[in-house]
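Peer 1: Fold the following for me, if possible:
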Amino acid sequence: MKAFIGIVVALALILGFTAPAFANECPALIKKVEEKMESAELSDDQRDQVSGLLAEGESLCDAGQDDKAVEVLNKALEIMGE
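Peer 2: Numbers count the residues shown, from 1 in each chain. Sure thing, here's the model as predicted:
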């Protein structure tokens, strides 16, 4: 039983330390997408996709859903070849 409690505590600590990492990553990724969009050679369709993903990522970040925001913003970077 002690081992089980230890595992639960360890997992809680890991989750507690990783959540703030995502929170700090959102603004940096948003800035990176915005900067990359300025110089990226994209088709109109790609630019629309990236703009939509950027708006979605910003909204998720503002709502505190940082892990989802990071995922969406990374998709935008992938479209731009990052």
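
Peer 1: which residues in this structure form strands?
Peer 2: In the chain, no segments count as strands under DSSP state E.

Peer 1: Mind pulling the model confidence for the residue nearest the centre of the chain?
Peer 2: The chain has Val70 as the residue nearest its centroid, 0.7 Å off, counting by CA atoms, centre = their mean. On the pLDDT scale, Val70 is placed at 95.

Peer 1: wait, isn't it in contact with Asn24?
Peer 2: No. Distance between Val70 and Asn24: 10.3 Å, which falls outside the contact criterion (CB atoms under 8 Å). In this view, the C-beta of every residue, glycine as well, is placed from N, C-alpha and C.

Peer 1: Next up, the contacts around Cys26.
Peer 2: Under the criterion of CB atoms under 8 Å, 6 or more residues apart in numbering, the neighbours of Cys26 are 57, 61, 66, 69-70, 73.

Peer 1: out of these, which are inside helices?
Peer 2: Using DSSP state H, the members of the contacts of Cys26 that fall in helices are 57, 61, 66, 69-70, 73.

Peer 1: I'd like those residues laid out as a markdown table, including distance to Lys32.
Peer 2: Conversion of the ones in helices among the contacts of Cys26 to a markdown table gives the following (distance: CB to CB, whole Å):
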| residue | distance to Lys32 |
| --- | --- |
| Gly57 | 11 |
| Cys61 | 13 |
| Asp66 | 15 |
| Ala69 | 13 |
| Val70 | 11 |
| Leu73 | 8 |
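
Peer 1: Tell me where this structure has helices.
Peer 2: Shown for the chain, the helices assigned by DSSP H span residues 2-39, 44-62, 66-79.

Peer 1: any low-confidence regions in the chain?
Peer 2: With pLDDT under 70 as the threshold, the chain has low-confidence stretches at 1-23.

Peer 1: again, 50 this time
Peer 2: Per-residue confidence for the chain (pLDDT under 50) gives these ranges: 4, 8, 13, 15-22.

Peer 1: about what we covered before: just the buried ones from the contacts of Cys26?
Peer 2: Neighbour-count burial (16 or more other CB atoms under 10 Å) is assigned, among these, to 57, 61, 66, 69-70, 73.

Peer 1: Before I go, just wanted to say thanks for your time.
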